[in-house]
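Peer 1: attaching a predicted model along with its sequence, questions to come.
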2 protein chains.
Amino acid sequence: MPVSPPRPKGPHLNALRAFEAAARLGSFSAAAEELSVTPGAITQHIKTLEAWAETPLFVRSARGVALTPMAETLVPEFTRAFDQLGLAVHALREQVAPNKIKLATLPSLAQYWLPARLGKLRQIAPDLQVSVIALEEPPNLVREPIDMSLFFTSDPLGPNDIEVLRDRIFPICTPDVAARLTRLEDLRNETLLRDSTWSNDWEHWLSAQTDLGGIASGGTEHSLFAVALEEARHGGGVLMAHEALVQRFLDSGELVRPFAGIVDLPRKLVLHLSPKMARSDQLALIKDVLLDTVQ
Amino acid sequence: MPVSPPRPKGPHLNALRAFEAAARLGSFSAAAEELSVTPGAITQHIKTLEAWAETPLFVRSARGVALTPMAETLVPEFTRAFDQLGLAVHALREQVAPNKIKLATLPSLAQYWLPARLGKLRQIAPDLQVSVIALEEPPNLVREPIDMSLFFTSDPLGPNDIEVLRDRIFPICTPDVAARLTRLEDLRNETLLRDSTWSNDWEHWLSAQTDLGGIASGGTEHSLFAVALEEARHGGGVLMAHEALVQRFLDSGELVRPFAGIVDLPRKLVLHLSPKMARSDQLALIKDVLLDTVQ
DNA sequence: AGTTAGATTGAGTTTTTCTACACCAAAATA
DNA sequence: TATTTTGGTGTAGAAAAACTCAATCTAACT
């Protein structure tokens, strides 16, 4: 029965958040990603929490971390808490600025697909202020102050998901490059342009063509689709393109499809809604514009 | 449609916690108290949150603060979130050390009432490790890492409250001081000892006596009951005592009651349980010991 | 007019949090 | 077997956040 230590303090909130993220994602580096910090920061948070609790929470191995059975049982409680906190923050943002909307999406979509739609949206609803955040990975909409995200995924749709379109890929190039291409084999002599996030789309497409001659992988890989596209526009090779991203260049004739083959991927472009957004008045409108079902 | 600002950050967790506490308690200084920081710290947290949200959350006046109507609607959401977080932390503590129990109580109770009971408890259940934290004010058991509290209150009991005893007060002094006291009026010539937390108990008691002659208030006030009691034990005056705190001195004969009058106050000593503790196995045992209903 | 309660301010300090970078150990790859 | 990759750790230093202190303000009580 020790008597009267100083008032005991609870654990640091940031350490709890780091723990929850690491536990939910099963990895310190994934948690670091989600919280936009370095993995080292997560390590330290977990360590302070473990020191506070006087017990280990994760079992470390060189391949990664795993929750201790004890910690395992606690995760749902913490997840519930931080989800609720996220909800509260969304509610705050909603109250303050109901028509400021943040949309996260891939840089390529932000550059080539969205602008036309957002332009139309602004015509229809000039009071909506949509700001676009370009990210490589979909953010956690429950936790971050972002209202919608637009990313490609093959996962089944959840309740707050809306399928916008299916991903269709095909090669494109400038008309003069196309002139050199009559058979698939001719691709052997061309630079195959590809985007690092979809690096095996060429393989997908080639393997879907009846006649495949090991045209293989080579080619230059660009980290940004925009850069690969730019190279294609200057006749630097043949780009494996996504329909949604290049429609306007096909329409203008600047780029053409040297081969007829189009591959429908199981991957979909999905609009994901934050809990706040899911019950927003403006949703119907935004949906119409993004799905091109307006008027 | 501004495009691609850097990834937006959420508000600071500590600022949210400060907001919730201030909103719930209706006062920055009360929030400061609960979070054991200075009021200035709360001011700054609220300011950063207001800056983040780009909106005022409180209306300031010289008398205190009031929530804006907008902020008002958000409070329950935040309270729910931090309550859930508190629950999760309690669950963690429970998992880690199910039989380490922290009990918060008044310094005077910790010193004069508890030790006998905790001694008995240790005999019955040697594996229970109860540590006692002396506080002037009852802590928020949902939020702080404390399992039980024992304080006087006149509020109606909640679901997690157990009445331990009713507060009964009467004057006490050493036998030789008592020898000088035959009528109430004789108190005029004595030093009336009192504790600052119960500073008007003398008035309560006096006004309950049939014959009251404006014996009045004077006397020395001590911030700790222990100090006032010590003075009484050295014959320094007449102390307005609480039955629970002085029983042992009456039993030993060291102190006596110069007058028969006992006043039953509406105030009760209440054992309050954290959500975790409310469903603990050890509860029945602890209850038995604290209520003296053991065997 | 003086006092008081409660909040604010700004400077200075302490604590927390983060990064950078070198390093380590399995596992995967070659 | 050697090499690379993946994911985590440790430490030092830097940056950011949080806090305190003491002075100050304002309207409401005495």
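Peer 2: Nice, thanks for sending it over. Numbers count the residues shown, from 1 in each chain, chains lettered A, B, ... in the order given.
Peer 1: quick one: buried residues of the strand or helix carrying residue A:42?
Peer 2: Using DSSP states H and E, residue A:42 falls within helix A:39-53. Burial within helix A:39-53, assessed by neighbour count using 16 or more other CB atoms under 10 Å in any protein chain shown, is assigned to A:41-43, A:45-46, A:49-50, A:52-53. Placement of C-beta: from N, CA and C, glycine included.
Peer 1: so which of those reach DNA strand D?
Peer 2: Among the buried residues of helix A:39-53, the ones lying near DNA strand D by CB under 7 Å from any atom of the strand are A:42-43, A:46.
Peer 1: DNA strand C contacts on chain A?
Peer 2: Residues of chain A lying near DNA strand C (CB under 7 Å from any atom of the strand): A:12-15, A:18, A:32, A:35-38, A:40-41, A:44-45, A:48, A:61-63.
Peer 1: about what we covered before: what residues does the helix holding residue A:42 touch?
Peer 2: In this structure, residues lying in contact with helix A:39-53 by CB atoms under 8 Å, 6 or more residues apart in numbering or on different chains are A:11-12, A:14-19, A:21-22, A:28-29, A:31-32, A:35, A:56-58, B:92-93, B:96.
Peer 1: all helices of the stretch 51-200 of chain A, in order?
Peer 2: Using DSSP state H, counting those that start in this stretch, the helices of the stretch 51-200 of chain A run over A:69-96, A:107-112, A:114-124, A:175-179.
Peer 1: before we move on, the earlier item: just the buried residues of the residues of chain A next to DNA strand C.
Peer 2: A:13-15, A:18, A:32, A:35, A:41, A:45.
Peer 1: wait, residue A:267 touches residue A:155, no?
Peer 2: No - counting by CB atoms under 8 Å, residue A:155 is not a contact partner of residue A:267; they are 9.7 Å apart.
Peer 1: which regions of chain A sit below the pLDDT cut-off?
Peer 2: Residues of chain A meeting the criterion pLDDT under 70: A:1-4, A:211-219, A:295.
Peer 1: what domains does the record give for it?
Peer 2: Domain assignment for chain A, taken from automatic domain parsing, gives A:13-78, A:94-164+A:268-290, A:167-265.
Peer 1: for residue B:101, which of these is the nearest?
Peer 2: Residue B:101 lies closest to domain A:13-78 among these, at 15.3 Å (CB to CB).
Peer 1: from the buried residues of helix A:39-53, pick the one nearest residue B:146.
Peer 2: If you rank these by distance to residue B:146 using CB to CB, residue A:52 comes first, at 14.7 Å.
Peer 1: nearest spatial neighbour of residue A:95, skipping sequence neighbours?
Peer 2: Closest residue in space to residue A:95, ignoring its immediate chain neighbours: residue B:70 at 5.1 Å, by CB to CB, 6 or more residues apart in numbering or on different chains.
Peer 1: okay if I get the helices of the stretch 51-200 of chain A as CSV plus mean neighbour count and distance to DNA strand D?
Peer 2: Below are the helices of the stretch 51-200 of chain A laid out as CSV (neighbours: other CB atoms under 10 Å in any protein chain shown; distance: least, CB to the nearest atom of the strand, whole Å):
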stretch, mean neighbour count, distance to DNA strand D
helix A:69-96, 19, 14
helix A:107-112, 20, 22
helix A:114-124, 16, 30
helix A:175-179, 14, 32
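Peer 1: from what I see, residue A:196 and residue A:228 are in contact.
Peer 2: No - taking contacts as CB under 8 Å, residue A:196 lies outside contact range of residue A:228: 9.0 Å.
Peer 1: what's near enough to touch residue A:263?
Peer 2: Contacts of residue A:263 by CB under 8 Å, 6+ apart are A:168-170, A:204-205, A:208.
Peer 1: of those, which is the most crowded?
Peer 2: Comparing the contacts of residue A:263 on neighbour count, residue A:169 comes out first with 23 neighbours (neighbours: other CB atoms under 10 Å in any protein chain shown).
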